[in-house]
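Asks: Provide a 3D model corresponding to the input given below.
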Amino acid sequence: MTTIMISVLPDGMPVDKMESDDDGKSCPLPTQDDELNAANREIAVEEYGYREPNTSSAFRNDESCGTCGMYNQTEDMQDCIGDESGDTGYCQLLKFVCSSENTCNEWVEGGPITSDLQEEYKDIL
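Replies: Sure, this is the predicted structure:
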């Protein structure tokens, strides 16, 4: 049975549509659909400057995806992505799986979103 859930985190950031699989695990659609993830990533590259750190002289190490307030690295998200390395996370803003080392023009202070923070959001919702 497929379930779709839409929520808004306390700071107003929309949470992705989630799809539950037969095992009851809920994941954002782009983490489960490679074509959708690739399309969203291409939009991030073209419209928001998603890039590797060495492609811009304006890049600052403290403004990498891994430190962004939109970068989701909760345990649940890591399960959805299927990456145990800790090198990837999910961009809640641009809706795609991204590398912790990269950056984009939409970087936001305050990240990453961790499991502890996610638990706080769950308690509020």
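Asks: rest of the way, CA atoms for contacts and neighbours
Replies: Noted.
Asks: burial count for Y50?
Replies: For Y50, the number of neighbouring residues by other CA atoms under 10 Å comes to 23.
Asks: what do you get for Q78?
Replies: Neighbour count of Q78, defined by other CA under 10 Å: 21.
Asks: that one belongs to a helix?
Replies: Yes: assessed by DSSP: H, G, I helix; E, B strand; the rest coil, Q78 belongs to a helix.
Asks: pretty sure it contacts G89?
Replies: Yes: shown here, Q78 and G89 form a contact pair, counting by CA atoms under 8 Å, at 6.9 Å.
Asks: what is the least confident helix or strand in the chain?
Replies: Least confident helix or strand, the chain: strand 4-8 with a mean of 41, by mean pLDDT, DSSP states H and E.
Asks: same question for stretch 23-43, mean pLDDT?
Replies: The pLDDT scores in stretch 23-43 average 91.
Asks: let me see the contact set for G49.
Replies: For G49, the contacting residues are 103-105, by CA atoms under 8 Å, 6 or more residues apart in numbering.
Asks: no wait, E52
Replies: Contact analysis of E52 by CA under 8 Å, 6+ apart lists 101-103.
Asks: quick check: longest helix of the chain.
Replies: Of all the segments of type helix in the chain, defined by DSSP state H, the longest one is helix 34-48.
Asks: neighbours around the residue nearest to T67 when sequence neighbours are not counted, how many?
Replies: In space, and not counting its chain neighbours, T67 is closest to G111: 4.7 Å by CA to CA, 6 or more residues apart in numbering. G111 has 19 neighbours, counted by other CA under 10 Å.
Asks: quick check: G111 vs Y90, distance?
Replies: Distance of G111 to Y90, given as CA to CA, to the nearest Å: 12 Å.
Asks: shared neighbours of those two, anything?
Replies: Each of Y71 lies in contact with both G111 and Y90 under the rule CA under 8 Å, 6+ apart.
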